[in-house]
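[1] sequence and computational prediction follow.
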Amino acid sequence: MTLVLKYRAALAVLCVAGFYANTFNYLFMTGRSNLQPAVWIAVIAGLTLALTWDPPTWRTLLGSPVIWWCAGYIAMTVIWFMWSSQSATAVAEVMTRVVSMAFLGVMVVILADPRVHGVTRIALAASAILAVVLNVVDILRPLTFSPLPGRAAGLYLNPNGSAISLALAMIMTLELFPQAVRPWYMCMIGMGILLTFSRGGVLVWLLAALMMVRLGAVRLLRMAYVLMMLASVGGAVLFLSGRLQPLLQVASLVWSDASGRLRLGPTIATYEVDPRFGDAVLAWNMFLERPVMGHGVAATVEWDRFESTHNIYLRHLVEYGAGGLLIMPLLAVALLWSGSRPRARSVVCLAAAGILWGMFSHNILDEREFLLCVALAVAMSEAAKDAQREPALPDWSRATV
C-alpha cells in the first residue's frame, strides 16, 4: 500500500469515526470540545487538497451526475435566496446547504480510489455495531445519551439520527458479510433501530431488508428464522428483566399518536413533542399561497412554529415552489444513472431509502451520515463503470497455431 493510499484510507476512516458516528458533533454538543463540526469539515477539506492532483479523482468527481446535481442544488438555493427574507437566518441556511454539498464533494474526492472502499465499509460496519451497543446502554441506563427517556440515541443524541445512521450503514455494509451472517447482522441493526422507537427509521430498515431479500443479498427463509428466534429470546429477556412493559408503553405512544404529541406516564418521564401534523398543514397552506416560486430559502425556519416541516418534500415545496418537489427524486435518479450495469444492490437500496427517509426528515440533505453514504455510492458506481470500460485481455491460452 502506497503512502498516498494509506493517507486516503486514514482520512476515510477519520470521516466515518468523526462524522458518521457523530463523534465530532457529540463532543461539541456535550461541551467536551469547542470545535464545531463545520470546523472539522474545513480541516478535512484542507487535508484533502493533497489528493486533488490525481487525474482519476477528478474523473470520478466530474463524471458523476450526483456532483452536477449538487451544483444545481446550490445554484437553486442561491437564486431562491434572492426573494427570501434575506435575513441572517436565511444567510445561515444558505451557508449550511453550501457546506453540506461541499462536504459531499470532499467525501467523493477521499473515496475516489476504489482501494479504500473496503476499509471505509468496514469502518461503517464497526460504527454501526458500536451504535447498537450504545443504544442498548441508553435503554438500560436512561439519559446516558438520549434526552428522551425510553428512546435510545447513543452518540447521535437524537433517536431519529441514530436510527437512520444504523439503517444506512446496514445498506452499505451488508454485503461485506458471508450469506450465513447477513441475517444476523440485519437483525442486530434492526434491534438497535427498534430501541430508538423511530417510526421513520424502522420503515427505512424494513424497506431495505425487503429490497435486499428481493435482490438476492439475503435468503428469505433464513431471515425469517433469525427474526423469529431473536424476537423470542429478546422478548423473554425483557419480560424477565421487567423492562418489557415500559418499552411497550413507549412504543404504543410513539406509534399510535398521529398528531405527534407524546406524553409518557410518571413511571418513565413527561415530555412533549411539538405537533407535526400542524407543521404539515401550515407548510401546505404556505405552498398553496405561492405554488410556483415559493417563499424562498429558510421560509420554514423563520415561521412561528417550534420546528420545521419534518419532511423534506414539504420544505422544498414551501421554499422552492412546485419545482422543489423534484429535488430528492432527481438525486435518486442521479445515483442510479451513474451506476454500472447491473447496478450495485447497495446503491439501489440507498436511493430508495433516501426517498423514504425524506418523508420523515427535513434535514436529510444536511445529515452527514446520508451524505457520506451518497459519496461512497458515487465512488463505488464510478469505480464499477471504469472497470467495465477496461478492455478484456485476450486469452492466449486458447490460441491455435
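    Sure thing, it's come through. Numbers count the residues shown, from 1 in each chain.

[2] what's next to the helix or strand hosting residue 56, contact-wise?
    Secondary-structure assignment from DSSP states H and E places residue 56 in helix 55-63. Residues from elsewhere that reach helix 55-63, judged by C-beta atoms under 8 Å, 6 or more residues apart in numbering: 51-52, 67, 105, 108-109, 112-113, 338, 378-379, 382-383, 385-386. From N, CA and C alone the C-beta is placed, and that goes for glycine too.

[3] ok, so of those residues, who is nearest residue 370?
    Lowest distance from residue 370 to those (C-beta to C-beta) belongs to residue 378, with 12.7 Å.

[4] mind listing what the closest one touches?
    Residue 378 touches 60, 64, 66-67, 108, 111, 335, 338, counting by C-beta under 8 Å, 6+ apart.

[5] how does it look with 10 Å?
    60-61, 63-67, 104-105, 107-108, 111-112, 334-335, 338-339, 347 (C-beta atoms under 10 Å, 6 or more residues apart in numbering).

[6] could you pick out the buried ones from those residues?
    Neighbour counting by 16 or more other C-beta atoms under 10 Å classes 60-61, 63-67, 104-105, 107-108, 111-112, 334-335, 338-339, 347 among the contacts of residue 378 as buried.

[7] how about residue 302, secondary structure?
    coil (DSSP: H, G, I helix; E, B strand; the rest coil).

[8] now do the helices in the stretch 301-401 of the chain.
    312-320, 327-337, 345-357, 368-389 (DSSP state H, counting those that start in this stretch).

[9] helices or strands next to the first one in the packing?
    Under the contact criterion of 3 or more C-beta pairs under 10 Å, 6 or more residues apart in numbering; DSSP states H and E, helix 312-320 touches helix 65-81, helix 276-289, helix 327-337, helix 345-357.

[10] just the CA coordinates of that helix, formatted as CSV?
    C-alpha atoms of helix 312-320 as CSV (Å, rounded to 0.1, in the frame of the first residue of the first chain):
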residue,chain,number,x,y,z
ILE,A,312,-38.0,17.4,3.0
TYR,A,313,-40.7,17.4,0.3
LEU,A,314,-42.9,19.9,2.2
ARG,A,315,-39.9,22.1,3.0
HIS,A,316,-38.9,22.2,-0.7
LEU,A,317,-42.4,22.9,-1.8
VAL,A,318,-42.7,25.9,0.6
GLU,A,319,-39.3,27.3,-0.2
TYR,A,320,-38.8,26.5,-3.9
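
[11] in terms of contact, does residue 216 touch residue 182 like I think?
    No. Judged on C-beta atoms under 10 Å, residue 216 makes no contact with residue 182 at a distance of 11.1 Å.

[12] between these two, which is the more surrounded one?
    Neighbours per residue, other C-beta atoms under 10 Å: of residue 216 and residue 182, the larger number sits with residue 182, 21 against 10.

[13] look up how far residue 35 lies from the residue nearest to that one when sequence neighbours are not counted.
    Nearest residue to residue 182, sequence neighbours excluded (C-beta to C-beta, 6 or more residues apart in numbering): residue 218, at 5.0 Å. The gap separating residue 218 from residue 35 is 40 Å, by C-beta to C-beta, to the nearest Å.

[14] so these two - more neighbours on which side?
    Shown here are residue 218 and residue 35; by other C-beta under 10 Å, residue 218 has more neighbours (22 against 12).

[15] tell me the pLDDT of the more buried one.
    Among the per-residue scores, residue 218 shows a pLDDT of 92.

[16] give the helix, strand or coil label for it.
    Once three-state DSSP is applied, residue 218 turns out coil.

[17] for it, what are its contacts?
    Counting by C-beta under 10 Å, 6+ apart, residue 218 has contacts 174-175, 177, 179, 182-183, 185-186, 209-212, 226.

[18] looking at the residues you listed, which is nearest residue 313?
    The closest of these to residue 313 turns out to be residue 211 (C-beta to C-beta; 20.9 Å).

[19] contacting residues around that closest one?
    Applying C-beta under 10 Å, 6+ apart to residue 211 gives the contacts 171, 217-218, 345, 348-349, 352-353.
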